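> Build me a model from this:
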Amino acid sequence: MSINKNNTSISILDHQFKLTENNTTPKTEMIAGMTTFMTMAYILIVNPAVLSATGMDFKALFTATTLSAIIATLIMAFYANLPFALAPGIGAGAFFAVTVVLGMGYSWQFALTAVFIEGIIFILLTFSNVREAIIQAIPIQLKKAVSAGIGLFIAFLGLYNSGIVITGMHHAGGGKLEGIPVTLGHITSKSPLLALIGLIVTGILLARNVKGALLIGILITTTLGIPMGVTQLPEGLKFVSMPPSLKPILLQFEWSNILTLDMAIVLFTFLFVDMFDTIGTLVGVATKADMLDEKGNVPNAKQALLADAIGTTIGAMLGTSTVTTYVESASGVADGGRTGLTALSTAIMFTIALFLSPLFSMIPSAATSPALILVGLFMLSPVKAINLDDFTEAIPAFLTIVMMPLTYSIANGIIFGILSYVFLKLLTGRQKEISYLLYIISILFIIKIVIGK
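The predicted model follows:
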């Protein structure tokens, strides 16, 4: 009887998520979803830490961050059927707190209002197919480059977050910075050393073709971190707690300044960064997963973008910054995730995290960093398909790849890639290879550069 029930459950999952069609299994998808969660679980602590600098309640932010991730990722799972997870973005959160509130002097309620309006605009743009059209306008060679660029970006995140590499800059006279941008960290200290051990452990698991190698690597590294003093056990070994109340930040909007120039600038920046970060992530991860169709387009892109837009709108209502698709989704894809069941598994993990926040917050960055570094390796494979003999294709692809990690921005990589593509094609008499939409996008990029960040 139980066998029949199991078969029925698998059949339902297969029908909902098209598992057979995508050559995957429930077990593979669920492990992939757990891996994705483990590599992005840091946002449950980092996002509240960043936004609480504005005076927002840290505990309420934990709940808002988690709930917005759950809602948006569930939409991605059931509506788009793609293995991507969403949560409030780090870059947008930093802009929210450091620039808008602490820098420009506006209240966090003002910033939340800007995020809410951004979400509404994104919903309208998605229904009008504008964002989907932008994805389709990106040349196939650049789509492959985006995947590789995100790979280097993710690897750099892993190396930097673990302390394997550190900033080499220091303040000199007159407020200037001297030194080299990054240098080798103190790799014999606890966190970098644990990350290097985790890199070896995970590498061995991958070399032996162990299923779920990245997730197992994270768990083993976290455990090894306990005697090393890197993994901190919760006080009193209390692992379960009720989610903190949202009341201090729920529906806290400020409408009095929405028609100001500052609101327009803030809104434009939120829109720009989120649009091209999300597009870059979707294209890059889908390329690595071999999910692009015969025209080089992301399947169900419109549905995926709608998940991002609705997530941002609801996230603002809950009290958090812009919700976006996470590059860490690549870790789940690397573990075999191909459908929305991966995203559903990630959402389930976020739901559990609501009640097990002390447990999940104990996972150190040194334990997740090895997975990110190795995912960077996995995402380099599309480089093999880039035409390096045609410099009008190779140079834009190269700039796309290197500018992502070197400027710490997926969006900047796309800007340099597309602008160089358009200029090189145009000035070498190959303007027929440029779509009209790519011209429009390039003009908007130039405007963005001229008016500043």
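
> Could you give the secondary structure assignment for residue 294?
Assigned state for residue 294: coil (three-state reduction, DSSP: H, G, I helix; E, B strand; the rest coil).

> The longest helix seen in the chain packs against which elements?
Across the chain, the helix with the greatest residue count (assigned by DSSP state H) is helix 261-288. The elements that helix 261-288 packs onto, with contact taken as 3 or more Cβ pairs under 8 Å, 6 or more residues apart in numbering; DSSP states H and E, are helix 90-94, helix 108-127, helix 130-137, helix 140-162, helix 301-318, strand 323-325, helix 329-334, helix 410-427. All C-beta spots, glycine's among them, are computed from the backbone N, C-alpha and C.

> could you redo the last one with a cut-off of 6 Å?
Contacts defined by 3 or more Cβ pairs under 6 Å, 6 or more residues apart in numbering; DSSP states H and E place helix 261-288 against helix 108-127, helix 140-162, strand 323-325, helix 329-334, helix 410-427.

> Compile those into CSV and extend it with columns for distance to residue 243, mean neighbour count and mean pLDDT.
Supplementary listing: those in CSV, determined by distance: least, Cβ to Cβ, whole Å; neighbours: other Cβ atoms under 10 Å; pLDDT from 0 to 100:
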stretch, distance to residue 243, mean neighbour count, mean pLDDT
helix 108-127, 20, 21, 88
helix 140-162, 26, 25, 81
strand 323-325, 18, 28, 86
helix 329-334, 24, 30, 83
helix 410-427, 31, 22, 88
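
> between the ones you listed, which one is nearest to residue 270?
Each of the helices and strands packed on helix 261-288 was checked against residue 270 via Cβ to Cβ, and the shortest separation belongs to helix 108-127, namely 4.6 Å.

> Would you point out which residue is most central in this protein?
In the chain, the centroid-proximal residue (Cα atoms, centre = their mean) is residue 326; its distance is 2.1 Å.

> Tell me the pLDDT of that one.
Residue-level confidence at residue 326 comes out at 84, pLDDT.

> Just to check, it is in contact with residue 83?
No - counting by Cβ atoms under 6 Å, residue 326 does not reach residue 83; the two are 11.3 Å apart.

> In terms of pLDDT, where does residue 435 sit?
83.

> wait, is residue 231 part of a strand?
No - judged by three-state DSSP, residue 231 forms no part of a strand; its state is coil.

> what's the burial count for it?
Applying other Cβ atoms under 10 Å, we find 18 residues neighbouring residue 231.

> Likewise for residue 180?
Taking other Cβ under 10 Å as the criterion, the count of residues near residue 180 is 8.

> Would you mind measuring from the residue nearest to it when sequence neighbours are not counted to residue 178?
What sits nearest to residue 180 in space, not counting adjacent residues and going by Cβ to Cβ, 6 or more residues apart in numbering, is residue 168, at 4.1 Å. Distance of residue 168 to residue 178, given as Cβ to Cβ, to the nearest Å: 9 Å.

> who's in contact with the nearest residue to residue 312 once chain neighbours are set aside?
In space, and not counting its chain neighbours, residue 312 is closest to residue 119: 3.7 Å by Cβ to Cβ, 6+ apart. By Cβ atoms under 6 Å, 6 or more residues apart in numbering, residue 119 lies in contact with 309, 312, 313, 316.

> returning to what we had before: what would the helices and strands packed on helix 261-288 look like in TSV with distance to residue 89?
As requested, the helices and strands packed on helix 261-288 are exported to TSV (distance: least, Cβ to Cβ, whole Å):
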stretch	distance to residue 89
helix 108-127	11
helix 140-162	13
strand 323-325	4
helix 329-334	13
helix 410-427	10
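
> Tell me which of those lies nearest to residue 218.
With respect to residue 218, and counting by Cβ to Cβ, the nearest of the helices and strands packed on helix 261-288 is helix 329-334 at 9.2 Å.

> tell me how far that closest one is from the chain's mean position?
11 Å (Cα atoms, centre = their mean, to the nearest Å).

> Can I get it in PDB, CA atoms only?
Included here for helix 329-334 are C-alpha records, laid out as PDB according to Å, rounded to 0.1, in the frame of the first residue of the first chain:
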ATOM      1  CA  SER A 329      21.100  29.000  -7.300                       C
ATOM      2  CA  ALA A 330      24.000  27.800  -9.400                       C
ATOM      3  CA  SER A 331      25.100  25.600  -6.600                       C
ATOM      4  CA  GLY A 332      21.800  23.700  -6.700                       C
ATOM      5  CA  VAL A 333      22.000  23.500 -10.500                       C
ATOM      6  CA  ALA A 334      25.500  22.100 -10.100                       C
END
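
> List the contacts of that helix.
Residues contacting helix 329-334 (Cβ under 6 Å, 6+ apart): 32-33, 35-36, 39, 83-85, 214, 285, 289, 342, 371, 375, 378-379.

> Repeat that for stretch 192-200.
For stretch 192-200, the surrounding residues in contact (Cβ under 6 Å, 6+ apart) are 162-164, 185, 217, 221, 225, 228, 230, 366-367, 369-370.

> between those residues, which is nearest residue 19?
Ranking the contacts of stretch 192-200 by separation from residue 19, with Cβ to Cβ as the measure, puts residue 217 on top at 25.1 Å.

> element containing the residue lying closest to that closest one once chain neighbours are set aside?
Computed as Cβ to Cβ, 6+ apart, the closest residue to residue 217 that is not its neighbour in sequence is residue 202, at 3.1 Å. Here residue 202 sits within helix 190-207, counting by DSSP states H and E.

> That helix to helix 140-162, inter-axis angle?
Orientation of helix 190-207 against helix 140-162 (axes from the mean of the first three to the mean of the last three Cα atoms, to 10 degrees) gives an angle of 130 degrees.

> What residues of helix 190-207 count as buried?
Along helix 190-207, the positions that meet the burial threshold by neighbour count (16 or more other Cβ atoms under 10 Å) are 191-199, 201-203, 205-206.

> Turn these into CSV, columns for pLDDT and distance to residue 59.
As requested, the buried residues of helix 190-207 are exported to CSV (pLDDT from 0 to 100; distance: Cβ to Cβ, whole Å):
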residue, pLDDT, distance to residue 59
191, 91, 26
192, 94, 31
193, 95, 33
194, 95, 28
195, 94, 29
196, 95, 34
197, 95, 33
198, 93, 30
199, 94, 34
201, 94, 34
202, 90, 33
203, 93, 38
205, 90, 36
206, 86, 38
